[in-house]
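Participant: here is the input, now give the coordinates:
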Amino acid sequence: SEEIVIKYLVYAFVASFTGAIAGSMLGFALFPTLLATCFSILFDMPPIIISYRLGYAAIGIIVSVGVTVLSSYLSVRQSLKTHPSILMKPKAPKGGKRIILERWPELWSKLNFTTKVTCRNVFRNKKRFIMAVIGVLGCTSLLVAAFGVNNSINSTLERQFTNEDSIWCYDMQTVLNGSFDTEITDCDAIEIIRNRPEIKSAMLQFMKVYNTRSSKTDKELETYILVPEDKNQIGEYIRLKDAKNGKPLTLPDSGAVITEKLAKKLKLSVGDNITVKVSELYSVDVPVAAVAENYAFHYVYMNKGVYKALFSTNPKYNYISSNFAFEMTPEQKSTLAEELMNEYEINAVSYSNEIQSMFENTLDSLNYIVIVLIVCAGLLCLIVLYNLSVININERVKEIATIKVLGFDNFEVSQYIFRENLLLSLLGTFIGLFTGVGIHRLVIAVAEVDIVMYGKEAGFLSFIYAAVLSLGFSLLVNLILRRTLKNVDMVESLKSNE
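Facilitator: Numbers count the residues shown, from 1 in each chain. Here you go, the predicted model:
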């Protein structure tokens, strides 16, 4: 018995150890690169140096090999308790039992014979049933998460930049050479821009980065304080919408509007104070009047009256937001920027589509997460279903040969066996669509960086794609194993082994 046990344990050890070594090498090469690519959204990352961490690798190898060897040991020990003469005979199928559907006569009576047989066969081996459902469930969950991440990235770009009701709706932003207190001195640049034929409207604004914090957390975040010259004009360039109900917001006469991610990071809500660090020795507490939807960077919006009351000074305007009078070509934009840059008061010109392109290129790096999740999901589904199906077929060779003798052709035999796979796949897919929502939210929470907030909805099409791919993987396994069923020899399989 010990020699038999050792034989199977050596096989399990060699197979699992080889897979663990290959998996650890792939993991050290793939996942650090993937994570570094994601964090490059926030940081200027140096070239990644791939190193093989023996300590971490040893933990993974020991766990994976240990679980595999232990499972093999328990299985072999269980088999060795049986008399050798019994082991030489084909494994007898489990006896049929009444299943839960039979206790629902209204439904059971409407099922045809083959469907009833399929249901009984599925529930006959509960361990295989649970493993198959968990495998397909995991596959579907990963696919929902993968497509959901892609949808979240796209919805972030659309809501911030490209939708008709996007948050940033200005076309051009101009950085002034200096700052202007319009109550003391005039800003010629605003008139120069407004008088251009390409420009429909323009607005002076003060915008500066400060560190902000709150009394509820130790975090300190870089935040843009934005003050428009005319609070009634801000809606033409930045659409402020309530983070909870999406209703339009106006700049209040007391307090400020802060963006959603900033509120979450600093654990702030309406009525709290956000502390703006003006210098090492001077800070200002700003009351939070509303929380606005926003997906890129952190902002605090306030009107000039509130700013003057809180900071004891007039805002000194240093930016101009403007909208075009007509659709501009890249050549026209380039010419406009060159001409404006010749003006003394203008220091730089940028266009919203350029900022959008920058974000698109940056967020494209997260597509690696989508690809990795889809590949992992496909491998999980294929490996689990293939192994379980092979075991199922090998244990039921005599049954398959019998139905062939009874006149079932190859297609009918395939349907007889693979209908069970399809039923298990449908059940696993259905449950996986719900568990995938949780995995999607977890991935989004991990992938998010401080200055970007992704959409939380996976999207309806994500569920459709996940369900179609999961069932597609199941059908692929069925197609691969059709040849195995076709090659079952009726005469040899029905011979007695006694």
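
Participant: report the residue spans of the stretch 1-150 of the chain with pLDDT below the cut-off.
Facilitator: For the stretch 1-150 of the chain, the stretches with pLDDT under 70 are 1, 34-35, 37-45, 83, 85-97.

Participant: pull up the pairing partners for the lengthiest strand in the chain, direction included.
Facilitator: For the chain, the strand reaching the highest residue count under DSSP state E is reported as strand 199-214. Taking DSSP bridges as the criterion, strand 199-214 pairs within the sheet with strand 217-228 (antiparallel), strand 273-277 (antiparallel), strand 317-324 (antiparallel).

Participant: just the CA trace of that strand, in PDB.
Facilitator: What follows is strand 199-214, C-alpha atoms only, in PDB (Å, rounded to 0.1, in the frame of the first residue of the first chain):
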ATOM      1  CA  ILE A 199     -14.500  82.500 -29.700                       C
ATOM      2  CA  LYS A 200     -18.100  82.400 -28.600                       C
ATOM      3  CA  SER A 201     -17.600  83.200 -24.900                       C
ATOM      4  CA  ALA A 202     -14.900  83.500 -22.300                       C
ATOM      5  CA  MET A 203     -14.700  83.600 -18.500                       C
ATOM      6  CA  LEU A 204     -12.000  84.800 -16.100                       C
ATOM      7  CA  GLN A 205     -11.200  82.400 -13.300                       C
ATOM      8  CA  PHE A 206      -8.800  82.000 -10.400                       C
ATOM      9  CA  MET A 207      -7.400  78.500 -10.100                       C
ATOM     10  CA  LYS A 208      -4.600  77.400  -7.800                       C
ATOM     11  CA  VAL A 209      -3.400  74.100  -6.200                       C
ATOM     12  CA  TYR A 210      -3.500  73.900  -2.400                       C
ATOM     13  CA  ASN A 211      -3.100  71.000   0.000                       C
ATOM     14  CA  THR A 212      -6.400  70.200   1.700                       C
ATOM     15  CA  ARG A 213      -7.300  68.000   4.700                       C
ATOM     16  CA  SER A 214     -10.000  67.300   7.200                       C
END
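
Participant: tell me how far stretch 166-178 lies from the chain's centre.
Facilitator: 31 Å (CA atoms, centre = their mean, to the nearest Å).

Participant: what comes up buried for it?
Facilitator: Buried residues in stretch 166-178, counted by 16 or more other CB atoms under 10 Å: S166, I167, W168, C169, Y170, D171, M172, Q173, T174, L176. All C-beta spots, glycine's among them, are computed from the backbone N, C-alpha and C.

Participant: cool, and stretch 285-298?
Facilitator: Neighbour counts using 16+ other CB under 10 Å place 286-298 of stretch 285-298 among the buried residues.

Participant: now stretch 128-148
Facilitator: With burial defined by 16+ other CB under 10 Å, the residues of stretch 128-148 counted as buried are 128-129, 131-133, 135-148.

Participant: among the residues you listed, which lie within helices?
Facilitator: 128-129, 131-133, 135-148 (DSSP state H).

Participant: picking up where we left off before, redo the buried residues of stretch 285-298 as CSV? Include pLDDT, secondary structure and distance to L226.
Facilitator: As requested, these are exported to CSV (pLDDT from 0 to 100; DSSP: H, G, I helix; E, B strand; the rest coil; distance: CB to CB, whole Å):
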residue, pLDDT, secondary structure, distance to L226
V286, 95, strand, 12
P287, 94, strand, 17
V288, 95, strand, 15
A289, 94, strand, 14
A290, 95, strand, 14
V291, 95, strand, 15
A292, 95, strand, 11
E293, 93, coil, 15
N294, 92, coil, 11
Y295, 89, coil, 16
A296, 86, strand, 13
F297, 89, coil, 10
H298, 94, coil, 11
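
Participant: will you turn these into TSV that also has distance to N342?
Facilitator: As requested, the buried residues of stretch 285-298 are exported to TSV (distance: CB to CB, whole Å):
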residue	distance to N342
V286	38
P287	43
V288	42
A289	41
A290	41
V291	42
A292	36
E293	38
N294	34
Y295	35
A296	31
F297	30
H298	34
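
Participant: out of these, who's nearest S152?
Facilitator: Y295 (10.0 Å; CB to CB).

Participant: what residues are up against the closest one?
Facilitator: The contact partners of Y295, by CB atoms under 8 Å, 6 or more residues apart in numbering, come to T156, R159, Q160, I167, K261, V452, M453, Y454, G455.

Participant: my guess is the first one contacts V452. True?
Facilitator: Yes - counting by CB atoms under 8 Å, T156 sits close enough to V452 to count as a contact (7.1 Å).

Participant: re earlier: please identify the deepest-packed of the strands paired with strand 199-214.
Facilitator: Each of the strands paired with strand 199-214 was scored by mean neighbour count; the highest is strand 317-324, a mean of 22, by mean count of other CB atoms under 10 Å.

Participant: mean confidence for that strand?
Facilitator: Averaged over strand 317-324, pLDDT sits at 93.

Participant: just stretch 367-379 next, same as before
Facilitator: Here stretch 367-379 scores 80 as its mean pLDDT.
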